[in-house]
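J.: need the 3D shape of this:
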Amino acid sequence: MSALEKTVAAVSAGELVVIPTDTVYGLACTPYGEEPVRRLSELKGRSPEQPIALVAASVDRLLELVPELRGRSAAAARALLPGPYTLVLPNPARRFRWLAGARPQTLGVRVPTLAGVTATFFERVGAVAATSANLHGGADPRSVDDLPEEIREGVAAILDAGELPGTPSTVVDLTEDEPVVLREGAVSARETLARVREALGE
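T.: You can find the predicted model right below:
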């Protein structure tokens, strides 16, 4: 069984895996159940009150999973994604509530720019719950060599795509009238807000 097949099978079985994205290596699991997501938070050493992103293979797939993302939310998603952004969007139906942490009325979503083995992985699984494959507060892993030993030992599979850019996604909260950058990452806050406002016609 190839590393790709092993990783896809592990996600389907509810196990934890490490996958490459367009930014850093991610610690991931199926987004469809609370128990794997709880184990993901425990392995990373973070509180279940902290949110975890829903990472989808495409914007269309994302909108299938969260059909309430219409209007302003859908416009922002289509303008910024795929790309190195995590968007915090309104989640009125409280879907994937186990990903939302302390704010169940919101949901963080990502659609990476996909290529190579990463693209094939996402084509196969459709979506995952994912966060950086580091211990809470640790450095973001640019390569498999950067993975903490605890993460390596706690996952069922690691998908290696070589060295990645190493800067995490920029997180922007779009749940209020005024967009707010919560974390400046791969794209500057200034450029992010300009793109959001252009997309929303503001």
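J.: ok, which stretches of this protein are strands?
T.: 17-20, 25-29, 53-56, 85-90, 106-110, 127-132, 157-158, 170-173, 180-183 (DSSP state E).
J.: deepest-packed of those, please.
T.: Per-stretch averages of neighbours, counted by mean count of other CB atoms under 10 Å, single out strand 25-29 among the strands of the chain, with a mean of 27. Any C-beta I mention is one placed from the backbone N, CA and C, and that applies to glycine too.
J.: let me know how buried P148 is, in neighbour terms.
T.: By other CB atoms under 10 Å, 17 other residues sit near P148.
J.: could I get the contacting residues of the nearest residue to it once chain neighbours are set aside?
T.: The shortest distance from P148 to any non-neighbouring residue, by CB to CB, 6 or more residues apart in numbering, is to L135 (5.1 Å). Listed by CB atoms under 8 Å, 6 or more residues apart in numbering, the contact set of L135 reads 44-45, 148, 150-151.
J.: among those residues, name the ones in helices.
T.: Counting by DSSP state H, the part of these found in helices is 44, 150-151.
J.: among the strands of the chain, which is nearest R97?
T.: strand 106-110 (8.9 Å; CB to CB).
J.: including neighbour count and distance to A139, could the ones in helices among the contacts of L135 go into TSV?
T.: Shown next, in TSV, are these (neighbours: other CB atoms under 10 Å; distance: CB to CB, whole Å):
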residue	neighbour count	distance to A139
K44	24	13
E150	14	14
I151	23	12
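J.: and which of those is nearest to V11?
T.: For these, the nearest to V11 is I151 (15.7 Å; CB to CB).
J.: for the spatially closest residue to the closest one that is not a sequence neighbour, list the residues it contacts.
T.: Leaving out its chain neighbours, the residue that sits closest to I151 by CB to CB, 6+ apart is A133, at 5.5 Å. By CB under 8 Å, 6+ apart, A133 lies in contact with 18, 24-27, 141, 147, 151.
J.: need these in a markdown table with distance to V88 and pLDDT, can you?
T.: What follows is the contacts of A133, written out as a markdown table (distance: CB to CB, whole Å; pLDDT from 0 to 100):
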| residue | distance to V88 | pLDDT |
| --- | --- | --- |
| V18 | 24 | 98 |
| V24 | 19 | 97 |
| Y25 | 22 | 98 |
| G26 | 17 | 98 |
| L27 | 19 | 98 |
| P141 | 23 | 97 |
| L147 | 27 | 98 |
| I151 | 25 | 97 |
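J.: could you identify the most distant pair in those?
T.: V24 and I151 (12.3 Å).
J.: picking that back up, now the contacts of L135 as a markdown table including distance to A129?
T.: What follows is those, written out as a markdown table (distance: CB to CB, whole Å):
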| residue | distance to A129 |
| --- | --- |
| K44 | 12 |
| G45 | 16 |
| P148 | 19 |
| E150 | 19 |
| I151 | 15 |
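J.: how many residues are close by the closest residue to R95 other than its chain neighbours?
T.: Among residues not flanking R95 along the chain, V66 sits closest, at 5.5 Å (CB to CB, 6+ apart). Using other CB under 10 Å, the number of residues around V66 comes to 23.
J.: perfect, I'm done here.
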